[in-house]
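Asker: No letters, just coordinates:
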């Protein structure tokens, strides 16, 4: 209860002070409105923060944005009809588990860490070379169960070469043990993945170019 009082007191301080200043001074200014994170194009895609272009999933999927200290760049989530934990998420991650620049070695390490904290002992059911966003990639399909929590998960992971680094695109679907996996969300993930374009060079790509020019 005490925490709740402090919370509303803080809100009053944050929102009440600007209003009071406006009433007394009559000259308070509004902050400029921030542009939307996603801007539609005439190609049936969206541009995200002027950095990426992709086909977003249909209505009902919530955008997950990275904040400072987050472990992914962007993603989408949908809580579906059914018993907990019936939901699907997919995301683009600039720093997947591991450090090796070799796709096979990175995948080996990635598989030891993925879903580890969930208590699910995930097993690889598919592993194949592919081309994703026009780049060399390795696609993994993994799945497993947690009998204690009475839940299971199925994931598709694309580890993609991006310059001298490896990035990832991951889709994970959660279901209760007696639930059934749905292919539809994976279809939305595939559309997102196949349409994904990098619009700008990131810090590491720019650094690689400068090092190459310098002969390093």
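Answerer: Looks like it arrived, so ask away. Worth saying up front: this structure is predicted, and the values here are computed from it rather than measured.

Asker: drop to CA atoms for contacts and neighbour counts, all remaining ones
Answerer: Will do.

Asker: can you give me the helices for this structure?
Answerer: Counting by DSSP state H, one finds helices in the chain at the ranges 2-25, 103-113, 184-195, 203-213.

Asker: Now tell me what touches the second one from outside.
Answerer: Applying C-alpha atoms under 8 Å, 6 or more residues apart in numbering, the set of residues contacting helix 103-113 from outside is 96-100, 122, 124, 137-138, 159-161, 166.

Asker: Among those residues, the buried ones, what's the PyMOL command?
Answerer: Command for PyMOL that selects the buried part of the contacts of helix 103-113, burial taken from 16 or more other C-alpha atoms under 10 Å:
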select buried, resi 96+97+98+122+137+138+159+160+161+166
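
Asker: Can I get the contacts of helix 103-113 in a markdown table including distance to residue 110?
Answerer: A markdown table is the format used below for the contacts of helix 103-113 (distance: C-alpha to C-alpha, whole Å):
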| residue | distance to residue 110 |
| --- | --- |
| 96 | 7 |
| 97 | 5 |
| 98 | 6 |
| 99 | 10 |
| 100 | 10 |
| 122 | 11 |
| 124 | 11 |
| 137 | 14 |
| 138 | 12 |
| 159 | 9 |
| 160 | 13 |
| 161 | 15 |
| 166 | 11 |
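
Asker: Among the contacts of helix 103-113, which ones are in strands?
Answerer: Members of the contacts of helix 103-113 lying in strands (criterion: DSSP state E): 124, 137-138, 159-161, 166.

Asker: Could you identify the most distant pair in those residues?
Answerer: 124 and 161 (20.3 Å; C-alpha to C-alpha).

Asker: Could you report the neighbour count for the nearest residue to residue 86 once chain neighbours are set aside?
Answerer: In space, and not counting its chain neighbours, residue 86 is closest to residue 175: 4.7 Å by C-alpha to C-alpha, 6 or more residues apart in numbering. Close neighbours of residue 175, defined as other C-alpha atoms under 10 Å, add up to 23.

Asker: Next, the contact list for residue 195, please.
Answerer: Counting by C-alpha under 8 Å, 6+ apart, residue 195 has contacts 45, 53-55, 133.
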